[in-house]
Structures are given as structure tokens and as C-alpha cells.
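Asks: take this sequence and fold it.
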Amino acid sequence: MITFSRRDLAALLPALAVRATAQQTQAPAVLPAKVYHHAQIPYTGTDEKKGRRFFLGTTQTGFNIETHETILGAGIDTHPPHKHEHPEMLIIVSGTLEVHMEDKSETAEAGSIVYFSSNILHNARNPGTTPCRYYVIELRGSAA
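Replies: Numbering: from 1, shown residues only. Purely as a prediction, here's the structure:
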């Protein structure tokens, strides 16, 4: 059995923290050109809110991007209002989505596209009686 003194641990912990931080900030893998088939990507979640990630990666030009799908049950919120640096686009496939941006609300129907710009307070809610299905494209910025 290996034993460590407090001094050994004190020296080791900063190195482990640096390694963990480096692993968390590594750029996503370069995305290959391919078709992401609907039937091959399983959903996670519940009937109230479920989703699936199609991809998260870096384009060949060094831009980070993520695409996922969400199916939001009737009367369900996406998440509490929040903001983040990267902009997002929502492409509504079916149902309706009540979109909240800063101090404004607007209902978007199937076929609509919603754009959340960087650092604005936002969330959404399904005001309908049927599920709302939409795709999200997150523009996460340069990998550099």
C-alpha cells in the first residue's frame, strides 16, 4: 500500500487540478462530414422534456458548434431564465414555443426560427396542448 504525507498531497493537488482543468478546456474533436441519422441517436429524459445531442465539435476552420433536439411537453419550461456567451438558434419543427428574451415574450410556431444573441436573459415555454419539437444550434465560437 502506498501512503502519502500531507506534504506529498499538498504538492500533488495543484498538479491534479491543472490536469483536470486542461482536460475540461480541451477543444472538441473536429467534426467529420457525415449524415447524423435520426434513428441512430437515442433520446434521454422524460415525456415532459427529452432531447438528444447530434454533435458537439469543431469545424475544420476552428469554430465550435453544437446541435441538439428537444421535445418539450405541454406547459413545460425549457429551463430557468439564464444567459451565456454563445448565441443560439432554435428551429421549431412542430408545436409552439413561448420565447422570453430579456423583458419581451413572443410565441413562435412551427417553421419559425428563434435567435438568442449573446448574453441576453432567455428561456422558453411550451404554451400548447401538444409537445413542441425543436432543434438548437449553439454557436460556441472560435476554438483558439
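Asks: skipping adjacent residues, who's closest to residue 67 in space?
Replies: residue 54 (4.5 Å; Cβ to Cβ, 6 or more residues apart in numbering). Where C-beta positions appear, they are placed from N, C-alpha and C, glycine not excepted.
Asks: mind listing what the one you found touches?
Replies: 36, 41, 67-69 (Cβ atoms under 8 Å, 6 or more residues apart in numbering).
Asks: residue 72 and residue 113: what is the separation?
Replies: From residue 72 over to residue 113 the distance is 16 Å, taken as Cβ to Cβ, to the nearest Å.
Asks: ok, those two, which is more surrounded?
Replies: Taking neighbours as other Cβ atoms under 10 Å, residue 72 and residue 113 compare with residue 72 leading, 23 against 12.
Asks: which ones are touching that one?
Replies: By Cβ under 8 Å, 6+ apart, the neighbours of residue 72 are 48-49, 78, 95, 97, 124-126, 131-134.
Asks: great, nothing more from me.
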